[in-house]
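Enquirer: Return atomic coordinates for the entry below.
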Amino acid sequence: RSAETCQKVQSTHDDRTLRMHDARTGSCRKIKEKLSYKLTKKTQNLTKSVFCYRIAVICINKEDTFMAVKVHETGYGKWKVPVIIIAVIVVLGLAGTGILLSDSLGVSIEEGSKRIEVAEGDGTSSVAKLLKDNGIIKYPLLFKVQSKLGGYDGNFQPGAATIDDGMSYSDILNLIITPSREAAKITIPEGYEIKQIAQKLDEAGIVSWQDFYAALNPDDYDYAFLKNLPERDGRMEGYLFPATYEIPNGMSAHDIIDLMLAAFDNQFKPEYYERATELGLTVDEVITMASIVERETDSGTERAKVAGEFYNRRKSGMKFQSCATVQYILGERKPVLSIADTQIDSPYNTYMYAGFPIGPICNPGTECIEAALYPEATDAYYFVLGKDGSHIFSKTYEEHLSAMQSPEQNISVDDSAIENQDSLKQ
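Expert: Sure, this is the predicted structure:
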């Protein structure tokens, strides 16, 4: 019967109607045949009777999910398997296959999507369990079989993956073998210190702060501006350029730092190196000045003038006396500094030591770098923060004292510090 396929059986008592499909012509025809049922001689109980037939054709209707069996009576003996049992097994198998296929062809996620984290070295069994535990797939075994047959085993990439409702097992497998499948967007503001950058990356789940700090070795990166940096804590402070980054999932701490250094390298133009030489400064000193300016003022119109004021003090041998440098030592941005704060013995303390601190105190943006390279010509040697956020600049110490006593000022060093040390004159 290779040319015919049985599609449906309708039985009423001993009449049987078969709808036959001719594979050669594509046409269907109905055939009526007599079907006689015989009980075994061992019992007359219908529920315990055994029908002895040889199965000729088994047809499964995909849409209606029922089975039709075309049989020939052979008598009691050879096969001894009830047709009804075969039918139940096949129907149950079909139903189970349908459920399995339904899940593998499109998972159901009530929330619309779920995010998982594939760990380094996770194999197929671990990923299948992860997906099952998160309620994404129902049949880990089927997932593992599909992974094996599809050649996905051993190719899973670590990192986060977002599984959307309706994704097939194949879609999920293709997603988790893809490197850099997700990119996290993160903004590093101007003036952030390294510790703040590390904390922000850690909180965003991009990389741990421990891994970030462990990768902060300038000798591991090939950039001209990192050569010959002085020995100090946080040697790379100032060079992790503040910007918005899209960081691919799974990127290492080393590569993230390299991304930021590359951004700095792109922003610090060749003419900046030439300008630093004209000023008689190293790149590190330029960035140190830029970092102080970044922390001393938020005003774009004042940055070049603040830089000019500090250069004036440096040229005259005066101490910078930048509150921002003391705040960096303290690890907090105290609104008012005490005498004790200004007397901390540190190479960053510009109340204690003249000239530049030993290194940058934050990571400055382009505007502050340009202010450090192209300072405004000014006769100011002092400035104090006003209540409106702008600064009051003074040429002499007497003018400065007067500005500090003005109701418009917002002093950041307490009165006793001024009274008990001649810091503002030095």
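Enquirer: Which secondary structure state does Ala160 sit in?
Expert: The three-state assignment at Ala160 reads strand, by DSSP: H, G, I helix; E, B strand; the rest coil.
Enquirer: In the stretch 1-150 of the chain, where is pLDDT below threshold?
Expert: For the stretch 1-150 of the chain, applying pLDDT under 70 flags the ranges 1-104.
Enquirer: which ones are touching Gly317?
Expert: The contact partners of Gly317, taken as C-beta atoms under 8 Å, 6 or more residues apart in numbering, are Ala354. All C-beta spots, glycine's among them, are computed from the backbone N, C-alpha and C.
Enquirer: pLDDT value on it, please?
Expert: Gly317 carries a pLDDT value of 94.
Enquirer: Same question for Arg275.
Expert: Among the per-residue scores, Arg275 shows a pLDDT of 98.
Enquirer: mind listing what it touches?
Expert: Contacts of Arg275 (C-beta under 8 Å, 6+ apart): 373-374.
Enquirer: make it 7 Å
Expert: Leu373 (C-beta atoms under 7 Å, 6 or more residues apart in numbering).
Enquirer: State the helix or strand in which it lies.
Expert: Per DSSP states H and E: Arg275 is located in helix 270-279.
Enquirer: Now do the helix or strand just after that helix and helix 270-279, the angle between them.
Expert: Next helix or strand after helix 270-279 toward the C-terminus (DSSP H and E): helix 283-296. Between helix 283-296 and helix 270-279, the angle comes out at 100 degrees (axes from the mean of the first three to the mean of the last three C-alpha atoms, to 10 degrees).
Enquirer: What separation do you get for Val283 and Tyr273?
Expert: Using C-beta to C-beta, to the nearest Å, we find Val283 at a distance of 7 Å from Tyr273.
Enquirer: what about the two, which has more around it?
Expert: The residue with more neighbours, out of Val283 and Tyr273, is Val283; 21 against 13, by other C-beta atoms under 10 Å.
Enquirer: thinking again about what came up before, can you pull the buried residues of the helix holding Arg275?
Expert: Under the neighbour-count criterion of 16 or more other C-beta atoms under 10 Å, helix 270-279 has 272, 275-276 buried.
Enquirer: any chance of those in TSV, plus distance to Asp388?
Expert: Below are these laid out as TSV (distance: C-beta to C-beta, whole Å):
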residue	distance to Asp388
Tyr272	32
Arg275	32
Ala276	34
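Enquirer: List just the nearest of the residues you listed to Pro242.
Expert: Tyr272 (16.6 Å; C-beta to C-beta).
Enquirer: I figured that closest one hits Ala372, correct?
Expert: No - between Tyr272 and Ala372 no contact is recorded; they are 9.6 Å apart, counting by C-beta atoms under 7 Å.
Enquirer: Can you work out which other helices and strands pack against the helix or strand hosting Leu149?
Expert: Following DSSP H and E, one finds Leu149 within helix 140-150. Helix 140-150 is packed against helix 83-105, helix 124-133, helix 169-176, with contacts defined by 3 or more C-beta pairs under 7 Å, 6 or more residues apart in numbering; DSSP states H and E.
Enquirer: Next SSE downstream of the first one?
Expert: Past helix 83-105, heading to the C-terminal end, the next element that is a helix or strand (DSSP H and E) is strand 113-118.
Enquirer: swap in the shortest one?
Expert: Later in the chain than helix 169-176, the nearest helix or strand by DSSP H and E is strand 183-187.
Enquirer: Partner strands of that next one, with direction?
Expert: strand 244-248 (antiparallel) (DSSP bridges).
Enquirer: now the strands for this structure?
Expert: Secondary structure of the chain (DSSP state E): strands located at 4-12, 15-22, 28-34, 53-61, 66-73, 113-118, 159-164, 183-187, 244-248, 382-385, 391-394.
Enquirer: I figured Ser208 hits Asp202, correct?
Expert: Yes - using C-beta under 7 Å, Ser208 is in contact with Asp202, at 5.5 Å.
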